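Colleague: just need the structure, nothing else, for what follows:
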Amino acid sequence: MGSAFSAGAAWLHDPQQVARFQELCGVRGTFTGNRDGAGDSGGGEKMDREQRKRPDRRVKGKQRDVNGAVNGTANGAAGDSALAHPSPGPGGDGVARGPLRKNSLTGEAGHQFVISNRFLYYVFTLGTELGNELFYISFFPFLTWNVDPYAARRLISIWVLVMYLGQCTKDLVRWPRPASPPVVKLEVFYDSEYSMPSTHAMSGTAVPLGLFLLTYGRWEYPYFLGLTLALTWSLLVCVSRVYMGMHSVLDVIAGFLYSLLILAIFSPCLEAIDTFNRSSSYAPIFVVSLHAVLGLFSFTLDTWSTSRGDTAQILGTGAGIAVATHLNYQLALIHDPPASMLPMQAPALSVGLFGWSLLRFVLGVVMLIVTRGVMKALTIPLVCRIVGVSSRDVRKARQHMQVELPYRYIVYWTVGFSAFFLIPFIFSCVGLS
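Modeller: From the prediction side, this is the model:
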């Protein structure tokens, strides 16, 4: 039984399964050398894992990425002998493209690939965006400003815990990304992070299913419709990560099941957490301090990991929203509907309702993006000056833990606080509530 389980897990973790799925979906890499990547999934992966555990501290003057790779070799890459190289042209049966975004740590742009099924490319691009920052900075505020603040703040509590545990687990397990080749990497933004479990799959499961659990019975809509939409959302995000070449099938399955486990354990605690955040006079200082401590002491300190920065960002956002929730309750700025109004019905869609909702959303998101940009511009030089790190090369400065953690925490604390308190306060002042 144990050997069969191990064999099944190994099969699901094999990058060849990712490559086969990509080929089935019309993705072709412009590889030279060994297309099958025979040297990648065995000894190369083992060597990469050992290299991360024992970073070469003697190397100076070389660019080492988050996982210990030297001279720009990215997580999941096979090395110079088997790297993918761009072809001179797109070929006769597809469109040549490059990865969606550069690597967040190294700035590498990735390699060219060919897409022969544009529909699936756009569908799975949408799916992967449902787990990225731009979606979160739009979706959670929209839910707060236009739909249901009660569901929004509890859903964010779920999201913070799920993402925090997922990022911590990544840094403990330390599995590399699928090797390329044979995998084609359509996205390299998170390529420097570890792979197991997929936090995209975790958030892509926790957010829609959590939203379903929080709104069914509170709002009137068919049970089957709500559950179907939640599962479709989750499936789209999970499958997109395999399509993008960022995760093995096992990473995604583990992320999905891990998220379900967290939801099952954590959901009964939401009422107590929300009540504490709103009404306890100790809530602001407690939550801010707790989240800061969790960000500082949750990871190993021998090598830098972008997971740490992402986690500080998540914890900062959660802390800012918790403080905003407390102020909203104390000042009666945002009201939850009384129990006598439940279950609520969605209002009839009209030009006026659509227009006001759209206006709130557009103005609010613009204010959030401006706030984030201003805070980034102010915080990085300030933190660098305090800790004695040069801020001339921002990317290099952010690879210092003492810069990245406070920078991310402060910036996204401000973003979370603005989304849930400052912007609703402005809306109330100008008659947009």
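Colleague: give me the number of neighbouring residues for Cys270.
Modeller: Cys isn't right for residue 270; it's Leu. Number of residues near Leu270 (other Cβ atoms under 10 Å) recorded here: 17. To be clear about C-beta, it is placed using only N, CA and C from the backbone, and glycine gets the same treatment.
Colleague: one more: the one 5 residues further on?
Modeller: Thr275 sits with 12 neighbouring residues when counted by other Cβ under 10 Å.
Colleague: tell me the pLDDT of it.
Modeller: Per-residue pLDDT puts Thr275 at 90.
Colleague: which helix or strand contains it?
Modeller: Using DSSP states H and E, the element containing Thr275 is helix 270-279.
Colleague: quick one, helices of the stretch 201-350 of the chain?
Modeller: Here the stretch 201-350 of the chain has its helices, by DSSP state H, counting those that start in this stretch, at 223-243, 249-266, 270-279, 283-297, 306-331.
Colleague: winner for burial among those?
Modeller: helix 306-331 (a mean of 24; mean count of other Cβ atoms under 10 Å).
Colleague: what packs against that helix?
Modeller: helix 149-173, helix 270-279, helix 283-297, helix 401-417 (3 or more Cβ pairs under 8 Å, 6 or more residues apart in numbering; DSSP states H and E).
Colleague: select, out of those, the one closest to Glu220.
Modeller: Closest to Glu220 of those is helix 149-173 (Cβ to Cβ; 14.1 Å).
Colleague: go through the closest one and flag the buried ones.
Modeller: 149-171 (16 or more other Cβ atoms under 10 Å).
Colleague: just the mean pLDDT for it, thanks.
Modeller: On average, helix 149-173 scores 89.
Colleague: so it versus helix 283-297, what angle?
Modeller: 20 degrees (axes from the mean of the first three to the mean of the last three Cα atoms, to 10 degrees).
Colleague: quick one on the thing from earlier: compare the helices of the stretch 201-350 of the chain and give me the one nearest Val351.
Modeller: Using Cβ to Cβ, these put helix 223-243 closest to Val351, at 25.4 Å.
Colleague: which residues touch that closest one?
Modeller: 18, 21-22, 25, 27, 120, 123-128, 130-131, 186, 198, 200-201, 203-205, 207-209, 211-212, 215-216, 247-249, 251-252, 255-256 (Cβ atoms under 8 Å, 6 or more residues apart in numbering).
Colleague: ok, now stretch 272-286?
Modeller: 153-154, 157, 287, 322-323, 325-326, 328-329.
Colleague: give me the buried entries from the contacts of helix 223-243.
Modeller: Judged by 16+ other Cβ under 10 Å, buried ones among the contacts of helix 223-243: 18, 21-22, 25, 27, 120, 124, 127-128, 130-131, 186, 198, 200-201, 203-205, 207-209, 211-212, 215-216, 247-249, 251-252, 255-256.
Colleague: follow-up on the earlier one: so which of the helices of the stretch 201-350 of the chain gets nearest Ser3?
Modeller: Nearest of the helices of the stretch 201-350 of the chain (Cβ to Cβ): helix 249-266, 16.6 Å.
Colleague: show residues contacting that closest one.
Modeller: 9, 12-13, 17-18, 21, 158, 161-162, 165-166, 169, 175, 195-203, 205-206, 209-210, 213, 234, 238-239, 241-242, 247.
Colleague: would you put the C-alpha positions of that helix in PDB?
Modeller: Only the C-alpha atoms of helix 249-266 are listed here, as PDB (Å, rounded to 0.1, in the frame of the first residue of the first chain):
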ATOM      1  CA  VAL A 249      -0.100  18.100 -10.400                       C
ATOM      2  CA  LEU A 250       0.800  17.000  -6.800                       C
ATOM      3  CA  ASP A 251       1.500  20.600  -5.700                       C
ATOM      4  CA  VAL A 252      -2.000  21.600  -6.900                       C
ATOM      5  CA  ILE A 253      -3.800  18.600  -5.300                       C
ATOM      6  CA  ALA A 254      -2.000  19.200  -2.000                       C
ATOM      7  CA  GLY A 255      -2.900  22.900  -2.100                       C
ATOM      8  CA  PHE A 256      -6.500  22.100  -2.700                       C
ATOM      9  CA  LEU A 257      -6.800  19.500   0.100                       C
ATOM     10  CA  TYR A 258      -4.700  21.600   2.500                       C
ATOM     11  CA  SER A 259      -7.100  24.500   1.900                       C
ATOM     12  CA  LEU A 260     -10.100  22.400   2.600                       C
ATOM     13  CA  LEU A 261      -8.600  21.200   5.800                       C
ATOM     14  CA  ILE A 262      -7.900  24.700   7.000                       C
ATOM     15  CA  LEU A 263     -11.400  25.800   6.100                       C
ATOM     16  CA  ALA A 264     -12.900  22.900   8.000                       C
ATOM     17  CA  ILE A 265     -10.900  23.700  11.200                       C
ATOM     18  CA  PHE A 266     -10.900  27.500  11.000                       C
END
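Colleague: now do that helix: distance to the chain's middle.
Modeller: Distance, stretch centre to chain centre, for helix 249-266: 15 Å (Cα atoms, centre = their mean, to the nearest Å).
Colleague: now do the contacts for the spatially most distant residue from the centre of the chain.
Modeller: What lies farthest from the middle of the chain is Ser340; by Cα atoms, centre = their mean that is 37.3 Å. Residues near Ser340 by Cβ under 8 Å, 6+ apart: none.
Colleague: per-residue pLDDT, it?
Modeller: On the pLDDT scale, Ser340 gets 74.
Colleague: same check on Thr205?
Modeller: The model's pLDDT for Thr205 equals 93.
Colleague: for Gly33, same thing?
Modeller: Model confidence at Gly33 (pLDDT) stands at 44.
Colleague: try Val18
Modeller: Confidence score, pLDDT, at Val18: 86.
Colleague: with the one 3 residues further on instead?
Modeller: Predicted confidence (pLDDT) for Phe21: 89.
Colleague: domains for the chain, by residue range?
Modeller: 14-52+63-126, 127-430 (automatic domain parsing).
Colleague: just send the ones you listed back as JSON lines, with distance to Phe5 too.
Modeller: As requested, the domains of the chain are exported to JSON lines (distance: least, Cβ to Cβ, whole Å):
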{"stretch": "domain 14-52+63-126", "distance to Phe5": "15"}
{"stretch": "domain 127-430", "distance to Phe5": "12"}
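Colleague: rank those by pLDDT, which is bottom?
Modeller: domain 14-52+63-126 (a mean of 59).
Colleague: so how far is the first residue of it from its last?
Modeller: Distance across domain 14-52+63-126, first residue to last, is 25 Å (Cα to Cα, to the nearest Å).
Colleague: then stretch 278-286?
Modeller: For stretch 278-286, the end-to-end distance is 12 Å (Cα to Cα).
Colleague: next one: stretch 390-402
Modeller: For stretch 390-402, the end-to-end distance is 12 Å (Cα to Cα).
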